[in-house]
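[1] model this:
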Amino acid sequence: MPDAVKMHNIDVAEFTEIINSCQGDVYMVTPDGDRLNLKSKLCQLIGFTRLIEGGTLAEAELVCEDPADESKLFRFNLYGKDKKEK
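    Predicted structure coming up:
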C-alpha cells in the first residue's frame, strides 16, 4: 500500500480542486478503515460531511495511486493553493 498523506486544516473548495486535478485515484481512509475514492463526487460528499468542522477539513489521511498526486497533495498541505504545482 502506498504511503499516506495526512491533511490538516485545509479549505474544502481548494482541496476539491486539487483532488479533481489528480491523475490517479485518491482515497480518504477513515479512522474506521473505510476507503473512500475521492475522485467520485458521491464519496467526496460522504467523506467531507464526516470531517468538515467550521468550513475546513479537520484532518484526513489520504492514499494516492499515483506518486505525482501524492507529491501534489503534500505540497498543497504545506503551502496551500497559491504555491501548488505549476
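
[2] which strands and helices sit next to the longest helix anywhere in the chain?
    In terms of residue count, the longest helix belonging to the chain (DSSP state H) is helix 67-79. For helix 67-79, the packing partners by 3 or more C-beta pairs under 8 Å, 6 or more residues apart in numbering; DSSP states H and E come out as strand 4-11, helix 12-21, strand 56-64. Where C-beta positions appear, they are placed from N, C-alpha and C, glycine not excepted.

[3] To Leu42, which of these lies closest?
    Taking C-beta to C-beta, helix 12-21 is the member of the helices and strands packed on helix 67-79 nearest to Leu42, at 13.3 Å.

[4] Now do the buried residues in that closest one.
    15, 18-19 (16 or more other C-beta atoms under 10 Å).

[5] Please tabulate the helices and strands packed on helix 67-79 in a markdown table and include distance to Phe74 as additional columns.
    Shown next, in a markdown table, are these (distance: least, C-beta to C-beta, whole Å):
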| stretch | distance to Phe74 |
| --- | --- |
| strand 4-11 | 5 |
| helix 12-21 | 11 |
| strand 56-64 | 9 |
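
[6] Output those in a markdown table, with mean pLDDT and distance to Arg35 appended to each entry.
    Converted to a markdown table, those look like this (pLDDT from 0 to 100; distance: least, C-beta to C-beta, whole Å):
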| stretch | mean pLDDT | distance to Arg35 |
| --- | --- | --- |
| strand 4-11 | 74 | 11 |
| helix 12-21 | 90 | 14 |
| strand 56-64 | 74 | 7 |
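
[7] related to what we said a few turns ago, and the longest helix of the chain with helix 12-21, angle?
    160 degrees (axes from the mean of the first three to the mean of the last three C-alpha atoms, to 10 degrees).

[8] from the chain's centre, how far out does helix 67-79 sit?
    9 Å (C-alpha atoms, centre = their mean, to the nearest Å).

[9] tell me the mean pLDDT for it?
    Across helix 67-79, pLDDT averages out at 89.

[10] Report the buried residues of it.
    Buried residues in helix 67-79, counted by 16+ other C-beta under 10 Å: 69-70, 72-74, 76-77.
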